[in-house]
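> please find the sequence and the predicted model below.
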Amino acid sequence: MFEGLFLSVAIVLALGSYTAVVRGRSLGWFVPLWFLVSLAATELAPWLLATILSTALAMALFADLSLASMQFALALLLGSALAILKVLLAHFETGRSFERALKTGLGENFEQSIPIERRRQLSHQISAEGWSHPVTFTRPGVRLERDIAYGDAGKRNLLDIYRPIVAGENCPVLLQIHGGAWLFGHKAEQALPLLHHMAGLGWVCVSINYRLSPAATFPDHIVDVKKAIVWVRENIAQWGGDPRFIAVTGGSAGGHLASLAALSQNHKPWQPGFEDKDTSIQAAMPLYGAYDLCDRYNIRHYTGIDNPVLERVMKTTQAQAPELYDSASPITWVSDKAPPFFVIQGTHDTLVWVEEARRFVAELSAASSAEIVYAELNGAQHSFDTVHSPRTAHFMNAAAWWLEWSRANWLEAQSVD
């Protein structure tokens, strides 16, 4: 009676599992669909595995397993379960990947640079309590202040502040920039696990909106980011933040803008009306960012969606305005003045290929006098940190270690000066 339904469910689960273990590339306009299915299958792997096993149990109870169609469905479910077990193994191995990256970039004993009272709050371990509720983000001890204006562009110039309920003074500041291909996205939709986690550790976290294309044209997006930096520097002390230390983070388009802000600090053409304000950044942690809009190394290959997106953002083509595309690329700005960077990229990212992050890190490492950390996460998809998962839990631990190290390193430099 239920054989047709079971077969259909098994096929859908097998297709989803396939996208979790196979990198989707050069798919043209199928890229967004592959990305969304793969993201769900990859980052919700524990629940996908539970669904597969539940379906197999239901088949054993209610289907005629002597039918060839049901044997085929069982084979699909077995293959899907094995694939998702491989994905889960990569989730739990992420912690070792982050530890290797941090020790490679900062030194074997980097943890000793962090004051012991701060070190005691950090961990390399995760627990099921941290990732068993994938879309529950609030944490005790964190207060959220919503919709504070930092500019004059209405809803697109609002920010939220996540801070400890017990107010402190001179707390380090983390500025979050959302992604969305510069076309969509909202401050309340992304990096929520990280924002609550760091606020719970005593940081003041700021998440911003910025003007979006096609209404906005580059460099409007980075101008808004710099406006937000100025606002934070001039106002965050009211919420307990230290205006002298601002770390910036973001994913995808937010990773692009975070990198660009960190590398182009105090660039007057992108600070209209506030040319003399301080837009310096003390540390940058971009995730799965776009670093080379010119694709000068032919890494992306043509997918069919890059050019239409960028032309809506730039309002021109690269052939017509090569200087604009070049200036919008963080890789153009690498120099010995770069602050410390922690670049994070998944190997199975469908939207921004891992080779682009590798090239950016190689050029940044060669040019910068600051410490550069690069973590490459096996099997991770674009936007992997959007929900709680074992991988996201490991990411939050690593982000906290690196951010605390950045703060301690900066304080040490100030005392030396």
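Structure's in. What do you need? Only a predicted model underlies this, so the values are computations on that prediction, with no experimental measurement involved.

> now for the lengthiest helix in the chain, which elements pack on it?
The longest helix of the chain (DSSP state H) is helix 68-106. The helices and strands touching helix 68-106, judged by 3 or more C-beta pairs under 8 Å, 6 or more residues apart in numbering; DSSP states H and E, are helix 3-21, helix 31-43, helix 45-62, strand 372-377, helix 390-416. All C-beta spots, glycine's among them, are computed from the backbone N, C-alpha and C.

> at 10 Å what do you get?
If you count contacts as 3 or more C-beta pairs under 10 Å, 6 or more residues apart in numbering; DSSP states H and E, helix 68-106 packs onto helix 3-21, helix 31-43, helix 45-62, strand 341-346, strand 372-377, helix 390-416.

> how near is residue 374 to residue 106?
Look at residue 374 and residue 106: by C-beta to C-beta, to the nearest Å, they are 12 Å apart.

> find residues that contact each of the two.
Counting by C-beta atoms under 10 Å, 6 or more residues apart in numbering, the shared contacts of residue 374 and residue 106 are residue 342.

> if we can go back for a sec, of the helices and strands packed on helix 68-106, which stretch is the most buried?
Most buried of those by mean neighbour count (mean count of other C-beta atoms under 10 Å) is strand 341-346; its value is a mean of 27.

> for the helix or strand just after it, packing partners?
Counting by DSSP states H and E, the element after strand 341-346 in chain order, helix or strand, is helix 354-367. With contacts defined as 3+ C-beta pairs under 10 Å, 6+ apart, the packing partners of helix 354-367 are helix 253-263, strand 283-287, strand 341-346, strand 372-377.

> buried stuff in helix 354-367?
If you call a residue buried by 16 or more other C-beta atoms under 10 Å, then helix 354-367 has these buried ones: 354, 356, 357, 358, 359, 360, 361, 363, 364, 365, 367.

> wait, isn't the second one in contact with residue 331?
Right, the one you point to is residue 356. Yes - with contact defined as C-beta atoms under 10 Å, residue 356 counts as touching residue 331 (8.7 Å).

> what's the overlap in contacts for the two?
Residues touching both residue 356 and residue 331 (C-beta under 10 Å, 6+ apart): 290, 291, 292, 297.

> low-scoring stretches of the stretch 201-350 of the chain, by residue?
By pLDDT under 70, the low-scoring segments of the stretch 201-350 of the chain are 301-305.

> which parts of it are helices?
For the stretch 201-350 of the chain, applying DSSP state H, counting those that start in this stretch gives helices covering 220-235, 253-263, 306-314, 322-327.

> please identify the most buried of the ones you listed.
Of all the helices of the stretch 201-350 of the chain, helix 253-263 has the most neighbours on average by mean count of other C-beta under 10 Å, namely a mean of 28.

> dihedrals phi and psi, the residue of the chain most remote from its centre?
Distance to the chain centre peaks in the chain at residue 66, reaching 47.3 Å (criterion: C-alpha atoms, centre = their mean). Backbone torsions of residue 66, given as degrees, to the nearest 10, read phi -80, psi -10.

> so what pLDDT did it get?
What the model reports as pLDDT for residue 66 is 83.

> how about it, what does it touch?
Listed by C-beta under 10 Å, 6+ apart, residue 66 has no contact partners.

> quick revisit: can you put the helices and strands packed on helix 354-367 in a markdown table and add distance to residue 101?
Formatted as a markdown table, the helices and strands packed on helix 354-367 follow (distance: least, C-beta to C-beta, whole Å):
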| stretch | distance to residue 101 |
| --- | --- |
| helix 253-263 | 16 |
| strand 283-287 | 12 |
| strand 341-346 | 8 |
| strand 372-377 | 4 |
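
> what's the spacing between stretch 68-78 and its chain's center?
Its chain's C-alpha centre and that of stretch 68-78 lie 37 Å apart, by C-alpha atoms, centre = their mean, to the nearest Å.

> give the partner strands of the lengthiest strand in the chain in its sheet and their orientations.
Looking across the chain with DSSP state E, the single longest strand is strand 241-251. Under the criterion DSSP bridges, strand 241-251 sits next to strand 171-177 (parallel), strand 283-287 (parallel) in its sheet.
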